[in-house]
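**Q** Pasting the sequence and the predicted model now:
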Amino acid sequence: MTPTPSSTRLSARRHGLFRDQVHQDALDTVEQLRDAGYEAYLVGGCVRDLLLGQSPKDFDVATNATPEEVRDLFRRSRLIGRRFQIVHVRYGRHIIEVSTFRRGHSEDSEQEDERLHADSGLILRDNVWGSLEEDATRRDFTVNALYYDPVDEEIRDFVGGISDLSARRLKFIGDTRLRLREDPVRLLRAVRFRAKLGFELDPEIMEALPDCARRLREIPPARLFDEVCKFFESGFSSAIWQMLATTPLRAALFPSVPPEDPLVIAAMANTDARVAEDKPVTPGFLLAVLLWRDYAARLEAGDTRRSGSEAAAAAASAALAMEHEIITIPRRFSQFVRDVWHLQPRLEALRPKSARLALEHPRFRAGYDFLVLRAATGEPVEEAAAWWTSLQTLGQEGRAEAIEALNAGVDPARKKRRKRKRKTRGAGYAATGGESDHG
Ligand code: ATP
Ligand code: MG
C-alpha cells in the first residue's frame, strides 16, 4: 500500500486564484454535485493553467460520485469511455468533464474486473473508485494534481504540485518508470506540456524516454492519433516537433519522416501561427506534410509501367498505410492527404485545363497552401506558387483570362526555362515534376 499523503491547504490569499476566474459552467457543475451531498473539485489543467495566468483549454471536475450518479444528477450528460469512464456534462456546446476519484494501481482491489493490466504493466482499464487522496496520487504529473475548491477558494495539494509549479518542473507522481510503464502515452503528455508551459522535464523522464518510446507500440493507434492531434492543436507544435526530432520519439511515431525536413519545420511554425490567430488547423494538412517525402520517394521508385495517376495513388496508399499501422489515420484525413498530394502536379503544370481542374477542386486552398510551403522551403516550384498567388488577387474575369493566357501565352523563353528545370530536378522531388499526366 502506498501511504496516504498528507495534504497542504492553500488559501486564495496565498495562491491568488479566485472563483470568478473559473468558468460559470464549471462552477455550476461543482455546486450541483456539492448540493447533492458529494465532494467535488476542479482539477488538472484548468487549475494548473489558471495558477500560471493562462486561460485553460477545458475544465475538469473530480468527484466522489460514481459516473452513474453523475449522469443521474445532470440532465444533459453522457457516459464516455470504457478504458477510462467519465461523464460529459453539457452546457450548450460547452462540455465539462467529470471524473470519479480513482485509486492508483499499486493497491489491491476488490473490483479487479474494473482494473486490468497487461503483462508489461500497461493499464488496460482504470475504473476503480477511491478517495480524494488516492485520486491525487494516480494522476500523472504533480502540477496536474492540484484540487481547487471554488466554494472556499482553497487549493489542496497532496503531491508537492505547488512547489513544482513555481520551479516550472514537470515531474511524475511516484516512480517515473512505473508510471510510464502503466501508460506510455504519459510521455507524449510530458512532451506537450513541456512545450506548452515552457517547463523543464524531470531528468528521470529523459532517462526513461528511449525505453518508453519503444513501448508506444503497445498503445492502440486510435489513441495515438488523438494524442498527435493534441500536438498539432496545441499552438506549440514547433517545439514539440523539435523534441520528437531529436529523440527516439520521431522514429517511434513517424518512422518515415526525415527529422530535419524543412517542410515539416515550416508547416509546424505556420500551424502555431494559425492557432495563435484562432484559425482552424486540420490534422490532414500536417499529415500531408509529414508523409510527403516518403510519398515522393515511393513515387520516384515506383512501377513505371503504371500510368502517372495510378502510380501516384499506389505511392499514396503505401505511405499512408505504413503510418496508419502506428497512428490511425481516419478516412476523412487520409482522403484529405491524397487530395492535397494529387493537386500538386495539377497546380505545377500551369496549363489551362489542369489549372481549371485544380481551381474547382474542393481542396484547392489546402493544395495551394501546400504548394506555397514547398516553394518557400526550397522545392523548385516557385514559379507555379507565384502564379497561383497572383491569380488570387484577380476577380472572376481576370482569373479566367489569366488561365486562358496560359495556353498560347506561355512565352517561348519560359517554356525553355521550365524544360531545363525539369531535367535538373533532383531525386526525391519526382512526385512534383511537371511531366506527370495527372492534369
Ligand atoms: P489540457 O486539458 O490543457 O490538455 P490537462 O492536464 O487538463 O491538460 P486532460 O487530458 O484534460 O489534461 O486530463 C485532465 C487531468 O487528468 C490531468 O491534468 C491529469 O491529472 C489527469 N490525467 C489525464 N491523462 C492522464 C494519464 N494518462 N495518466 C494519469 N493522469 C492523467
Ligand atoms: Mg483538461
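**A** Great, that's in hand. Numbering: from 1, shown residues only. Ligands and ions are numbered 1, 2, ... in the order given.

**Q** per-residue confidence for S309?
**A** pLDDT recorded at S309 is 86.

**Q** need the residues of the stretch 51-200 of the chain near ligand 1, please.
**A** Counting by CB under 6 Å from any ligand atom, the residues of the stretch 51-200 of the chain close to ligand 1 are 57-58, 60, 139-140, 144-145, 183, 185-186. C-beta here means a position set from N, CA and C on the backbone, and glycine is covered the same way.

**Q** mind redoing it with 8 Å?
**A** With the criterion set to CB under 8 Å from any ligand atom, the stretch 51-200 of the chain comes near ligand 1 through 56-58, 60, 84, 97, 99, 138-141, 144-145, 179, 182-183, 185-186, 189, 192-193, 196.

**Q** which regions of the stretch 101-250 of the chain lie under the pLDDT threshold?
**A** 106-115 (pLDDT under 70).

**Q** show me where it has helices.
**A** Ranges of helices in the stretch 101-250 of the chain, per DSSP state H, counting those that start in this stretch, are 132-138, 161-166, 176-182, 185-197, 203-215, 221-233, 237-245, 249-253.

**Q** Buried residues of stretch 253-272, list them for me.
**A** Judged by neighbour count (16 or more other CB atoms under 10 Å), stretch 253-272 contains these buried residues: 253-254, 256-258, 261, 263-268, 270-272.

**Q** any idea of the mean pLDDT for it?
**A** For stretch 253-272, the mean confidence score works out to 98.

**Q** circling back to that earlier point, nearest to R14, out of the helices of the stretch 101-250 of the chain?
**A** helix 161-166 (8.9 Å; CB to CB).

**Q** Return the list of helices and strands in contact with that closest one.
**A** Here helix 161-166 touches helix 45-51, strand 146-149, going by 3 or more CB pairs under 8 Å, 6 or more residues apart in numbering; DSSP states H and E.

**Q** how about the CA coordinates for the helix or strand hosting R13, as PDB?
**A** For R13, the enclosing helix or strand under DSSP states H and E is helix 12-15. Taking Å, rounded to 0.1, in the frame of the first residue of the first chain, the C-alpha atoms of helix 12-15 are listed here in PDB:
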ATOM      1  CA  ALA A  12      -6.700  32.200  -2.000                       C
ATOM      2  CA  ARG A  13      -4.500  34.900  -0.400                       C
ATOM      3  CA  ARG A  14      -1.600  32.500  -0.900                       C
ATOM      4  CA  HIS A  15      -2.300  31.100  -4.300                       C
END
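
**Q** buried residues in the helix or strand following that helix?
**A** Sequence order places helix 24-35 as the next helix or strand after helix 12-15, per DSSP H and E. By neighbour count on 16+ other CB under 10 Å, the buried set for helix 24-35 is 25-27, 29-30, 33-34.

**Q** of all those residues, which comes closest to Y368?
**A** Distances from Y368 to the buried residues of helix 24-35, taken by CB to CB, are shortest for D25, at 39.4 Å.

**Q** Dump stretch 321-336 to PDB, keeping only the CA atoms.
**A** Provided in PDB are the C-alpha atoms of stretch 321-336 (Å, rounded to 0.1, in the frame of the first residue of the first chain):
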ATOM      1  CA  ALA A 321      -0.700   2.500 -44.800                       C
ATOM      2  CA  MET A 322       2.700   2.500 -43.200                       C
ATOM      3  CA  GLU A 323       1.900   5.400 -40.800                       C
ATOM      4  CA  HIS A 324      -1.600   4.000 -40.200                       C
ATOM      5  CA  GLU A 325      -0.100   1.000 -38.500                       C
ATOM      6  CA  ILE A 326       1.200   3.200 -35.800                       C
ATOM      7  CA  ILE A 327      -1.300   6.000 -35.700                       C
ATOM      8  CA  THR A 328      -4.800   5.500 -37.000                       C
ATOM      9  CA  ILE A 329      -5.500   7.900 -39.900                       C
ATOM     10  CA  PRO A 330      -9.200   8.300 -40.100                       C
ATOM     11  CA  ARG A 331     -10.500   8.100 -43.700                       C
ATOM     12  CA  ARG A 332     -11.600  11.700 -44.000                       C
ATOM     13  CA  PHE A 333      -8.000  12.700 -43.200                       C
ATOM     14  CA  SER A 334      -6.300  10.200 -45.500                       C
ATOM     15  CA  GLN A 335      -8.600  11.400 -48.300                       C
ATOM     16  CA  PHE A 336      -7.500  14.900 -47.500                       C
END
